[in-house]
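Asks: Okay, predicted coordinates and the sequence, questions at the end:
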Amino acid sequence: MTHIEKSQELFGQKFHCSQAVLAAFAEELGLTEKQALKLGACFGGGMCKGEVCGACTGALMALGLKFGQCEVGDVDRKSKTNDITVKFLEAFKNKNGSYLCRELLGCDLATNDGKMYAKEHHLFTEFCPKMVASATEIAEKLLNEYE
């Protein structure tokens, strides 16, 4: 199963976008799927506030697991991770128009009206899977590119 297929499967099982993307890479990055699902649980829907798309935060967590600074004073790794973060967000924005959930969806999930709009317009079932696939694809490219 590809990373995109895995993230799509998990999202289809009603996990948050953030959970689906992170868990698609979990095993190869040293997490169990269960750990990844738990770790990504609070980031869906732009942290339920329409901020940075949860699919993006899931991807950024995966990139952080692979490349993130974990040693005091490792400024090279910190700089590399910052560069990868910017590249990911720029690539996602270029492909999708934004990396902010409320801009992507055209509604604010922090409000009841926004949640209702998203449900009525089938955004979680028709639009969000595309964002999950996009974030997974871009993360996979960066994981391979910076190997």
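Replies: Yes, it's here.
Asks: The nearest residue to D113 once chain neighbours are set aside in helix, strand or coil?
Replies: Nearest in space to D113, with sequence neighbours left out and distances taken as Cβ to Cβ, 6 or more residues apart in numbering, is C107 at 7.5 Å. All C-beta spots, glycine's among them, are computed from the backbone N, C-alpha and C. In terms of secondary structure, C107 is coil; the call rests on DSSP: H, G, I helix; E, B strand; the rest coil.
Asks: Kindly provide the distance from the residue nearest to the spatial centre of the chain to E147.
Replies: Among the residues of the chain, the smallest C-alpha distance to the mean C-alpha position (Cα atoms, centre = their mean) belongs to A55, namely 2.4 Å. Remark: distance between A55 and E147 (Cβ to Cβ, to the nearest Å) = 22 Å.
Asks: which residues does V52 contact?
Replies: Under the criterion of Cβ atoms under 8 Å, 6 or more residues apart in numbering, the neighbours of V52 are 46, 99-101.
Asks: Out of those residues, list just those in helices.
Replies: With helices identified by DSSP state H, the entries of those that belong to them are C101.
Asks: now the contacts of V52 as TSV including distance to T136?
Replies: Formatted as TSV, these follow (distance: Cβ to Cβ, whole Å):
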residue	distance to T136
G46	17
Y99	14
L100	19
C101	16
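Asks: Tell me the one of the contacts of V52 nearest N82?
Replies: Distance to N82, by Cβ to Cβ, is smallest for Y99 among these, at 15.7 Å.
Asks: quick one: the closest one and T85 touch, right?
Replies: No - in terms of Cβ atoms under 8 Å, Y99 does not count as a neighbour of T85; the distance is 10.9 Å.
Asks: can you pull out the helices in the protein?
Replies: Using DSSP H, the helices found in the chain span residues 3-12, 17-25, 33-39, 44-45, 54-67, 75-96, 101-105, 112-120, 128-145.
Asks: which residues sit against the first one?
Replies: By Cβ under 8 Å, 6+ apart, the residues outside helix 3-12 that reach it are 1, 17, 19-21, 23-25, 37, 128-129, 132-133, 135-137, 139-140.
Asks: Just the buried residues out of those residues, in ChimeraX syntax.
Replies: Remark: buried members of these, expressed as a ChimeraX selection using 16 or more other Cβ atoms under 10 Å:
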select :17,19,20,21,23,24,25,37,128,129,132,133,135,136,137,139,140
